[in-house]
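**Student:** coords below, sequence missing:
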């Protein structure tokens, strides 16, 4: 197995490389900005095109600014490489459909790298609450205001809350089986550059209610509170669970309070293991439905009707 990584982002440094080393996967990195030798890498490139032409990888991982995701994912798929793209996979539905068409034609796996839900804590909570008829979910992900020079604050590079946190927002209804929307109330804030910096919403589904607050600029919060008529739970650090800590959460009912202890878990490793399995089984279509559903939901957050 050989993997080519386009870009040397924080997620590559913090999450990806350690897993590749542990699994003894050969990997190459192409970066236009990082010049120093990267430990463990088979070979480094300065040109993305040159790397795509020379490496012949089994899988390409695209970890570039949001504005470059579609272009390089298209290039990778046209080279007939299985392709993982950092969230968000594309800027809109039209771009996603174009990538899916190439993926189908060349029979290569295409997937967005949104993997918080592959952590054991999220798997547990989904298993507990997914089948309930009616549930209430309150999700919060608020981070301190990023530096002006950050990619997150660049309109040109397609930063902003919808692009960065939108994949988290859209994953929740899918994971907890919230399907039929009855009504919604959404408030969006933009900065002077017309970049979305805050999204607050209440969406009533037939199957439950989903409240959310996702924002750049505030005291750090990262949690989900979920409840039904019989029980409730709060999951902390849900959207960026650490892979080096034993996490736990409380499950509270009218009669008892139980602490669920969890072992250390690596959500990116779990995600990559699934992707490699899907590649081996040649189920190139496996992620299409998920990606379509998620991008439609987050695109429609800024429209009048979902």
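**Tutor:** Yes, it's here. Note that this is a predicted model, so its numbers are computed, not measured.
**Student:** What residues sit buried inside stretch 228-239?
**Tutor:** 231-235, 238-239 (16 or more other CB atoms under 10 Å). C-beta: built from backbone N, CA, C; applies to glycine.
**Student:** Can you tell me what sits against it?
**Tutor:** Contact partners of stretch 228-239, identified using CB atoms under 8 Å, 6 or more residues apart in numbering, comprise 116, 121-122, 125, 128-129, 132, 134-136, 139, 141, 165, 168, 222-227, 247, 249-254.
**Student:** just to revisit the earlier point, just the buried residues of stretch 228-239: which are in strands?
**Tutor:** In strands, defined here by DSSP state E, the members of the buried residues of stretch 228-239 are 231-235.
**Student:** Can you check what pLDDT the model gives residue 304?
**Tutor:** pLDDT for residue 304: 55.
**Student:** which regions of the protein sit below the pLDDT cut-off?
**Tutor:** Under the criterion pLDDT under 70, the flagged ranges of the chain are 304-306.
**Student:** Let me know the outermost residue of it.
**Tutor:** Using CA atoms, centre = their mean, the residue of the chain lying farthest from its centre is residue 255. It sits 36.2 Å away.
**Student:** quick check, that one in a helix?
**Tutor:** No: applying DSSP: H, G, I helix; E, B strand; the rest coil, one finds residue 255 to be coil, outside a helix.
**Student:** And it, how far from residue 3?
**Tutor:** 50 Å (CB to CB, to the nearest Å).
**Student:** Then residue 182?
**Tutor:** Distance from residue 182 to residue 3, counting by CB to CB: 44 Å.
**Student:** With neighbour numbers in mind, choose between those two.
**Tutor:** residue 3 (24 against 10; other CB atoms under 10 Å).
**Student:** surely the more buried one meets residue 24?
**Tutor:** No: counting by CB atoms under 8 Å, residue 3 sits too far from residue 24 to count as a contact (11.7 Å).
**Student:** anything in contact with each of those two?
**Tutor:** Residues touching both residue 3 and residue 24 (CB under 8 Å, 6+ apart): none.
**Student:** List the contacts of residue 22.
**Tutor:** The contact partners of residue 22, taken as CB under 8 Å, 6+ apart, are residue 269.
**Student:** Residue 169 too?
**Tutor:** 139, 199, 212, 214, 297-298, 301.
**Student:** go again using 10 Å as the cut-off
**Tutor:** Contacts for residue 169 (CB atoms under 10 Å, 6 or more residues apart in numbering) come out as 139, 141, 161-162, 199, 201, 203, 210, 212, 214, 239, 294, 297-298, 301.
**Student:** All the strands of this protein, in order from the start?
**Tutor:** Taking DSSP E, the strands of the chain run over residues 2-6, 26-30, 43-45, 59-62, 82-86, 110-113, 135-143, 181-190, 196-205, 208-216, 221-227, 231-236, 248-253, 257-261.
**Student:** how close does the residue nearest to residue 168 when sequence neighbours are not counted get to residue 177?
**Tutor:** Using CB to CB, 6 or more residues apart in numbering and skipping the chain neighbours, the partner closest in space to residue 168 is residue 239 (5.1 Å). According to CB to CB, residue 239 stands 19 Å off from residue 177.
**Student:** Kindly tell me how buried residue 92 is, as a neighbour count.
**Tutor:** Using other CB under 10 Å, residue 92 has 11 other residues around it.
**Student:** Could you measure from the closest residue to it other than its chain neighbours over to residue 21?
**Tutor:** Spatial nearest neighbour of residue 92, chain neighbours left out: residue 299 (6.4 Å); criterion: CB to CB, 6+ apart. The spacing between residue 299 and residue 21, counted by CB to CB, is 37 Å.
**Student:** Those two: who's more crowded?
**Tutor:** Ranked by neighbour count (other CB under 10 Å), residue 299 and residue 21 place residue 299 first, with 18 against 13.
**Student:** Check the contact between that one and residue 167; I expect there is one.
**Tutor:** No: the pair residue 299 / residue 167 is not scored as a contact, 11.7 Å apart, by CB atoms under 10 Å.
**Student:** where do the contact lists of those two overlap?
**Tutor:** With CB under 10 Å, 6+ apart as the test, residue 299 and residue 167 both reach residue 88.
**Student:** any idea how far the residue farthest from the centre of the chain is from residue 229?
**Tutor:** As judged by CB to CB, residue 255 and residue 229 stand 13 Å apart.
**Student:** hang on, residue 153 packs against residue 143?
**Tutor:** No: applying CB under 10 Å, one finds residue 153 not in contact with residue 143, separated by 11.6 Å.
**Student:** anything in contact with each of those two?
**Tutor:** Listed as contacting both residue 153 and residue 143 by CB under 10 Å, 6+ apart are residue 216.
**Student:** what are the ranges of the helices in the stretch 1-150 of the chain?
**Tutor:** 10-11, 17-22, 48-55, 69-78, 93-106, 120-129 (DSSP state H, counting those that start in this stretch).
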